[in-house]
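Student: got a predicted structure plus its sequence, pasted below:
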Protein chains: 2
Amino acid sequence: MENIKNYLFDMSNVLKEKGYKNTPARMAILEIFYKNKLPLTANEIYTKLLKEKKIKDINEATVYRTLSSFEKAEILKKIDLRKDSAYFELNNDHHHHIICTKCGMIEDFKESFEIESLLKKIVNKSSKFRKIKEHSLELFGVCRVCN
Amino acid sequence: MENIKNYLFDMSNVLKEKGYKNTPARMAILEIFYKNKLPLTANEIYTKLLKEKKIKDINEATVYRTLSSFEKAEILKKIDLRKDSAYFELNNDHHHHIICTKCGMIEDFKESFEIESLLKKIVNKSSKFRKIKEHSLELFGVCRVCN
DNA sequence: ATCTATTTGCAAGTCACTTGCATTTATGAT
DNA sequence: ATCATAAATGCAAGTGACTTGCAAATAGAT
């Protein structure tokens, strides 16, 4: 639980390197992502910021702008979970999600070498693409609790 | 090119079975999907409808409602290609897409048994899910033309 | 301490999509 | 063929996530 300090320190350096400033709002948002291991929406982050009040006050527009900056700085990744809002999560280890279509529960699963090699095979067959930069893979089902 | 008649006939039966009525607007929209093999947005369909004028006039709200009905009737599938609007395509053969992040060009690729079995392996490892109903897999890269 | 570019707050704007309601139309029953 | 009725449509207004213009605040370099 002391690693959060290290984490924030590292990230403020990443920000600096990419020409972004290190502000209280940004650190507070990073802290939320560090503590919450699952994907979050802009509005979830906003309400958490107000509730936990590590920061005096914040505007929702600032949250959106911060998420966008973090995405460009490759600190966060935006993911689509077939909900109304976009979700964001730390861009650390590459992984995917299984989403319960009833309760919305999200489970992570690791990226495997099988997936990697499968995608390589696919792109080898393509006449129009030579290399893939990213991919999204999300599974949808009904969890054991809901079933 | 005569199969379109058969296709529309089949689909009007599907609609009937699921309690939807068979209207000129719906048939015109289905015809557009049948002719255009790639995913389309609501607005693309709307402008195509006006241009090709198989139908006298149409309201954009009707296009949205039709897409939604077709999705429920499992005639269309909604897909996320990281653009501002949702894309739709015929729900015939299960496949995935490679999208060029520069020009937006879309290439299809077939669902393979390797993907299927890989997903089975993943869900077997999950403690919270027993079965997956759907999945999305989209690849993003830069096509040979843009590169 | 000062300067400047970046960030923030606020309010207004945008854009895809939805909805309430009155009118029209497809379809099954007569 | 006509009728009855539930579903579909047009229109305009509404919604909700997200963006943006602008002025004030602030981080970070000098």
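Tutor: That came through fine.
Student: report the buried residues of the top strand by length along chain A.
Tutor: Assignment by DSSP state E gives strand A:129-143 as the longest strand of chain A. Within strand A:129-143, the residues scored as buried using 16 or more other C-beta atoms under 10 Å in any protein chain shown are A:129, A:132, A:135-143. From N, CA and C alone the C-beta is placed, and that goes for glycine too.
Student: do stretch A:78-88 as well
Tutor: A:78-81, A:86-88.
Student: kindly indicate which of these lies nearest B:Thr62.
Tutor: Closest approach to B:Thr62 among these (C-beta to C-beta): A:Asp80, at 26.4 Å.
Student: show the pLDDT at the closest one.
Tutor: At A:Asp80, the model reports a pLDDT of 94.
Student: how close does it sit to DNA strand C?
Tutor: A:Asp80 is 12 Å from DNA strand C, where distance means C-beta to the nearest atom of the strand, to the nearest Å.
Student: tell me who's in contact with that residue.
Tutor: A:86-87, A:136, A:138, B:80, B:82, B:136 (C-beta atoms under 8 Å, 6 or more residues apart in numbering or on different chains).
Student: nearest the middle, which residue of chain A would you pick?
Tutor: A:Glu89 (1.4 Å; C-alpha atoms, centre = their mean).
Student: which residues does A:Asn147 contact?
Tutor: B:Arg130.
Student: from B:Glu44, how far off is it?
Tutor: Computed as C-beta to C-beta, to the nearest Å, the A:Asn147 to B:Glu44 distance reads 38 Å.
Student: kindly report the same for A:Phe70.
Tutor: Counting by C-beta to C-beta - A:Phe70 and B:Glu44 are separated by 32 Å.
Student: ok, these two, which is more surrounded?
Tutor: A:Phe70 (24 against 17; other C-beta atoms under 10 Å in any protein chain shown).
Student: isn't that one right next to A:Tyr64, touching?
Tutor: No - the criterion here is C-beta atoms under 8 Å, and A:Phe70 misses it with A:Tyr64 at 10.9 Å.
Student: and the strands in chain A?
Tutor: Taking DSSP E, the strands of chain A run over residues A:40-41, A:76-79, A:87-90, A:95-100, A:106-110, A:129-143.
Student: distance check, A:Asn22 against chain B.
Tutor: 29 Å (C-beta to the nearest C-beta, to the nearest Å).
Student: returning to what we had before: of the contacts of A:Asp80, closest to DNA strand D?
Tutor: A:Ala86 (3.4 Å; C-beta to the nearest atom of the strand).
Student: the nearest residue to the closest one once chain neighbours are set aside and A:Asn36, how far apart?
Tutor: Nearest non-adjacent residue to A:Ala86, counting by C-beta to C-beta, 6 or more residues apart in numbering or on different chains: A:Lys78, 5.3 Å away. Per C-beta to C-beta, A:Lys78 is found 16 Å from A:Asn36.
Student: max-length helix in chain A?
Tutor: Looking across chain A with DSSP state H, the single longest helix is helix A:3-17.
Student: who's in contact with that one?
Tutor: Residues outside helix A:3-17 that contact it (C-beta under 8 Å, 6+ apart) are A:21-22, A:26-27, A:30-31, A:34-35, A:73, A:75.
Student: now that helix: buried residues?
Tutor: For helix A:3-17, a neighbour-count test (16+ other C-beta under 10 Å) marks A:8, A:11-12, A:15 as buried.
Student: just stretch A:99-106 next, same as before
Tutor: Buried residues in stretch A:99-106, counted by 16+ other C-beta under 10 Å: A:99-100, A:105-106.
Student: cool, and stretch A:49-61?
Tutor: Buried positions in stretch A:49-61, judged by neighbour count with 16+ other C-beta under 10 Å: A:49, A:55, A:58.
Student: do stretch A:27-45 as well
Tutor: Under the neighbour-count criterion of 16+ other C-beta under 10 Å, stretch A:27-45 has A:27-33, A:39-42, A:44-45 buried.
Student: try stretch A:115-122
Tutor: Neighbour counts over stretch A:115-122 (16+ other C-beta under 10 Å) mark A:115, A:118-119, A:122 as buried.
Student: that older thread, between the contacts of helix A:3-17, which is nearest DNA strand C?
Tutor: Looking across the contacts of helix A:3-17 and measuring by C-beta to the nearest atom of the strand, the closest to DNA strand C is A:Lys21, at 3.8 Å.
Student: please name the residues that touch the closest one.
Tutor: Here A:Lys21 is in contact with A:Leu15 (C-beta under 8 Å, 6+ apart).
Student: how about it, phi and psi?
Tutor: phi -90, psi 160 (degrees, to the nearest 10).
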